[in-house]
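Participant: Turn this into a structure:
(chains A, B, C and D)
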There are 2 protein chains.
Amino acid sequence: MLDLPDDILEPPGRSPVARDVAHRAGVSTATVSRVLNGSAGVRADKREAVMRAAQDLGFVANGAARALSTRRFMAVGAVVPNIENEAFVRVLSSVQDRLRQADYTLIAANAGYDLEDELREATFLLERGIDGLMLVGDIHHPDLHARIARSGIPMVQTFSLSREHPCVGFDNAASAARAANYLMDLGHRRIGVISGLRKDNDRGGARVTGIAQALAARGLRLAPEHDIEISYGIGGGRDGFRQMLAGGPPPTAIICGTDQIAFGAMIEARARGISVPGDLSVIGHNDSDFAPFLDPPLTTIRIHSVEIGHAAGDHLIARIQGRPVVRLTEIDAELILRASTAPPRRGAG
Amino acid sequence: MLDLPDDILEPPGRSPVARDVAHRAGVSTATVSRVLNGSAGVRADKREAVMRAAQDLGFVANGAARALSTRRFMAVGAVVPNIENEAFVRVLSSVQDRLRQADYTLIAANAGYDLEDELREATFLLERGIDGLMLVGDIHHPDLHARIARSGIPMVQTFSLSREHPCVGFDNAASAARAANYLMDLGHRRIGVISGLRKDNDRGGARVTGIAQALAARGLRLAPEHDIEISYGIGGGRDGFRQMLAGGPPPTAIICGTDQIAFGAMIEARARGISVPGDLSVIGHNDSDFAPFLDPPLTTIRIHSVEIGHAAGDHLIARIQGRPVVRLTEIDAELILRASTAPPRRGAG
DNA sequence: TGGCTATCTGAAAGCGCTTTCAAAAACCGC
DNA sequence: GCGGTTTTTGAAAGCGCTTTCAGATAGCCA
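Facilitator: A predicted model of the protein is given here:
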């Protein structure tokens, strides 16, 4: 019988397991595990042997077995309202940055601004055994927190602040109010809002509330015909602005829920010969890539998605590893002034 | 002693396992498993009892244990070059659509147009035990396919066609050539290209090659000073076009690697008083949301990302389930004509 | 009622890794 | 060279689920 090396006898199709490595290195699986997990207390020569054997065999530990044994899945879930929204994509990728550094994986899911769907997606992730969960906002299905609690994993909410749950975000009402105050300081008195869907969306709702309160604080009010709710997107922005013009005297300034909406509104304005910022000041939300390149460049509320993501990732990792964390992290939004805002024309207010 | 219901006595902190359900329903764990996995051959009354017990306890099967036992992780990985690119986001979300229908999860990772990083990310996913893998393009790290093969899971490439590997995509060279031919049919003879980074990017490379060949077929050539490579984004497009103008007589038409790049080029053109499409025709790639809303609306090559994602998802699921599949699925791109293209000014060609 | 199938069911054996525990080996000072 | 430590090490017991296999039940017909 020929004396073939082990690796040729290795039956193909079956990937090597710890026992194979142990066998080849002449140790037990316990030692293999110790070496591969970097734990101390293995003599240098054995450690070497194991390393080489693992290398030769192309050994890759079975994740499921490891998860079962350690009770750690090494993955964190995130459910966002809309995976095509720039802000959420940025958060996902920055959360992932941090998770990767701790050897965790991110599993993302889409809830489509629907609480039932959000519950379904989160449950799905929970069943998978995720070790932590990131959500957006403070409004969720009534059963969601109970399920999360039962699973015993850490959860963090993002993009808004919460009284009850750990969170990383900012005060949506206050930042939108800041935009409204800025417009009022410029002299505007008829200010409109075009927001995305507000149902089950505390961020959108809070922003409008914040604006209404800021107006009220200066004796103005948000006219119902200037308070428009549309579905997201450029088309939505166009429709929304058109709708706003249909009701009485036009506003001299508008605050939009996203930069896309603002873009749409500006297109509609141009189509109607309304000049921006001459006749109409426009403020967006998010500071998307294209905002500085619109004509005129868009004044917008920059949401620090990347920082939010990093903080949320760090928060989850810390709690998973049992380290202490602060319950609430505020990462304030910032008003970026560009050319789409200006004082109203004389006598227009 | 008080006669408390079971669920109050349940020690908190330990989530219920199959044995608890079995115990409560008065059956074995084997039967619990059979009921929960919908397999036939369990008498109605026992089935009922198990269902109720699981419900009462809020039982959720441990994913790791299940994965270990079935050798199925119920997750598919996807590595894309840039998770912030609209086309890739759409593909991810449409792949996920299909995976969810088969109860699979998608785990997405970002490779940042770097083969080493792509290898690292893919390896990371492979180690996690994914059941299938989606990649973008046909150029990868030399070791990648070997690792995938060793893991024994199905893989599918997207966005381009491949001679060697299963794929869902289209002929990038041919579709870009179509755009070039369209421009030449309009009468253009000086045609330029602004593409994203071409290194390790077969799609970008193929598009430029396709254009060059189409030009050559009609006795024209792609002048080196009209062949610009930039990093993606609106800013990149601006810079790219500026750079192109610096070298000799300007082109009368350009084809851009993405709509963002086209947007940037149009901004730069406007800034210099070059009218589109009067002095310059512009074609983009992807048909992004904003393309129809630019001024003028952008002619672009629409890539059917959603269909590609669905086909890729179906392909992977089919192979995971051992069903036969076609190796190559072509989902052709489409030239969408809008107002950013027109015949060149008389005498300009 | 008895004999023979066709259904159901539970015990038990994994899946591949980690981790405990006790034994073995190595080390140390005298 | 010896008793007492201190390291290293491997055997074995899980982790929680699926699945096989054989025994228990139920169903059916004569």
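
Participant: correct me, but residue A:285 touches residue A:260?
Facilitator: No. Using C-beta atoms under 8 Å, residue A:285 is not in contact with residue A:260, being 9.5 Å away. Using the backbone N, CA and C atoms, a C-beta is placed for each residue, glycine as well.

Participant: Name whatever forms a beta bridge with residue A:78.
Facilitator: Listed by DSSP bridges, the beta-bridge partners for residue A:78 are residue A:108, residue A:134.

Participant: count of residues packed around it?
Facilitator: Neighbourhood size, residue A:78 [other C-beta atoms under 10 Å in any protein chain shown]: 31.

Participant: OK, contacts around it?
Facilitator: A:91-92, A:95, A:106-109, A:133-135 (C-beta atoms under 8 Å, 6 or more residues apart in numbering or on different chains).

Participant: ok, now residue A:107?
Facilitator: Residue A:107 sits next to A:75-78, A:125, A:128, A:130, B:75, B:105-107 when contact means C-beta under 8 Å, 6+ apart.

Participant: Out of those residues, who's the most crowded?
Facilitator: Compared across the contacts of residue A:107, residue A:78 has the highest neighbour count, 31 neighbours, by other C-beta under 10 Å.

Participant: if I look at that residue, how far off is DNA strand D?
Facilitator: For residue A:78, the distance to DNA strand D (C-beta to the nearest atom of the strand, to the nearest Å) stands at 24 Å.

Participant: May I see the contacts of residue A:78 arranged in TSV, with pLDDT and distance to residue A:232 as well?
Facilitator: As requested, the contacts of residue A:78 are exported to TSV (pLDDT from 0 to 100; distance: C-beta to C-beta, whole Å):
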residue	pLDDT	distance to residue A:232
A:91	96	17
A:92	96	17
A:95	96	22
A:106	93	24
A:107	92	24
A:108	92	19
A:109	91	19
A:133	97	24
A:134	98	21
A:135	98	19
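
Participant: and which of the residues you listed is nearest to chain B?
Facilitator: Using C-beta to the nearest C-beta, residue A:107 comes nearest to chain B of the contacts of residue A:78, at 5.4 Å.

Participant: Let's see stretch A:254-273 as CSV, backbone CA atoms only.
Facilitator: Output in CSV follows, covering the C-alpha atoms of stretch A:254-273 (Å, rounded to 0.1, in the frame of the first residue of the first chain):
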residue,chain,number,x,y,z
ILE,A,254,-40.8,75.5,3.0
ILE,A,255,-39.1,72.9,5.0
CYS,A,256,-38.9,69.4,3.5
GLY,A,257,-38.6,66.0,5.1
THR,A,258,-35.7,65.0,2.8
ASP,A,259,-33.5,66.5,0.2
GLN,A,260,-35.3,64.5,-2.4
ILE,A,261,-38.5,66.1,-1.5
ALA,A,262,-36.8,69.5,-1.6
PHE,A,263,-35.4,68.7,-5.0
GLY,A,264,-38.9,67.8,-6.2
ALA,A,265,-40.3,71.0,-4.8
MET,A,266,-37.7,73.1,-6.5
ILE,A,267,-38.3,71.4,-9.8
GLU,A,268,-42.0,72.2,-9.5
ALA,A,269,-41.2,75.8,-8.4
ARG,A,270,-39.0,76.3,-11.4
ALA,A,271,-41.6,74.9,-13.7
ARG,A,272,-44.0,77.5,-12.4
GLY,A,273,-41.6,80.4,-12.7
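
Participant: quick one: is that stretch near chain B?
Facilitator: Yes. Contact of stretch A:254-273 with chain B (C-beta under 8 Å from any C-beta of the partner chain) involves A:260, A:263-264, A:267, A:270.

Participant: Dump those into TSV; add neighbour count, pLDDT and distance to DNA strand C as well.
Facilitator: Formatted as TSV, the residues of stretch A:254-273 next to chain B follow (neighbours: other C-beta atoms under 10 Å in any protein chain shown; pLDDT from 0 to 100; distance: C-beta to the nearest atom of the strand, whole Å):
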residue	neighbour count	pLDDT	distance to DNA strand C
A:260	27	95	46
A:263	25	96	51
A:264	27	96	53
A:267	20	94	56
A:270	13	93	61
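
Participant: Narrow those residues to those in strands?
Facilitator: Using DSSP state E, no member of those sits in strands.

Participant: List just the nearest of those to DNA strand D.
Facilitator: Closest approach between the residues of stretch A:254-273 next to chain B and DNA strand D, by C-beta to the nearest atom of the strand: residue A:260, at 43.7 Å.

Participant: Around the residue nearest to the closest one when sequence neighbours are not counted, count how many other residues there are.
Facilitator: Closest residue to residue A:260 apart from its sequence neighbours, by C-beta to C-beta, 6 or more residues apart in numbering or on different chains: residue A:234 at 5.1 Å. Close neighbours of residue A:234, defined as other C-beta under 10 Å, add up to 23.

Participant: where's residue A:234 relative to residue A:98, distance?
Facilitator: According to C-beta to C-beta, to the nearest Å, residue A:234 and residue A:98 sit 32 Å apart.

Participant: Residue A:141 in helix, strand or coil?
Facilitator: When classified by DSSP: H, G, I helix; E, B strand; the rest coil, residue A:141 comes out as coil.

Participant: wait, it sits on residue A:118?
Facilitator: Yes. Counting by C-beta under 8 Å, residue A:118 is a contact partner of residue A:141 at 6.3 Å.

Participant: coming back round to it: so how far is residue A:262 from the residue nearest to residue A:260?
Facilitator: For residue A:234, the distance to residue A:262 - C-beta to C-beta - is 9 Å.

Participant: returning to what we had before: let's have the contacts of residue A:107 in TSV, adding secondary structure and distance to DNA strand C.
Facilitator: Listed next are the contacts of residue A:107 as TSV, based on DSSP: H, G, I helix; E, B strand; the rest coil; distance: C-beta to the nearest atom of the strand, whole Å:
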residue	secondary structure	distance to DNA strand C
A:75	strand	16
A:76	strand	19
A:77	strand	22
A:78	strand	26
A:125	helix	22
A:128	helix	17
A:130	coil	18
B:75	strand	17
B:105	strand	20
B:106	strand	24
B:107	strand	19
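
Participant: for chain A, which spans come out with low pLDDT?
Facilitator: A:1-13, A:347-349 (pLDDT under 70).

Participant: Give me every residue in it lying close to DNA strand D.
Facilitator: A:26-31, A:34, A:40-43, A:46, A:65, A:68-69, A:71 (C-beta under 7 Å from any atom of the strand).

Participant: Pull out the buried residues from those.
Facilitator: Among the residues of chain A next to DNA strand D, the ones that count as buried by 16 or more other C-beta atoms under 10 Å in any protein chain shown are A:27, A:31, A:34, A:42, A:46, A:65, A:68.
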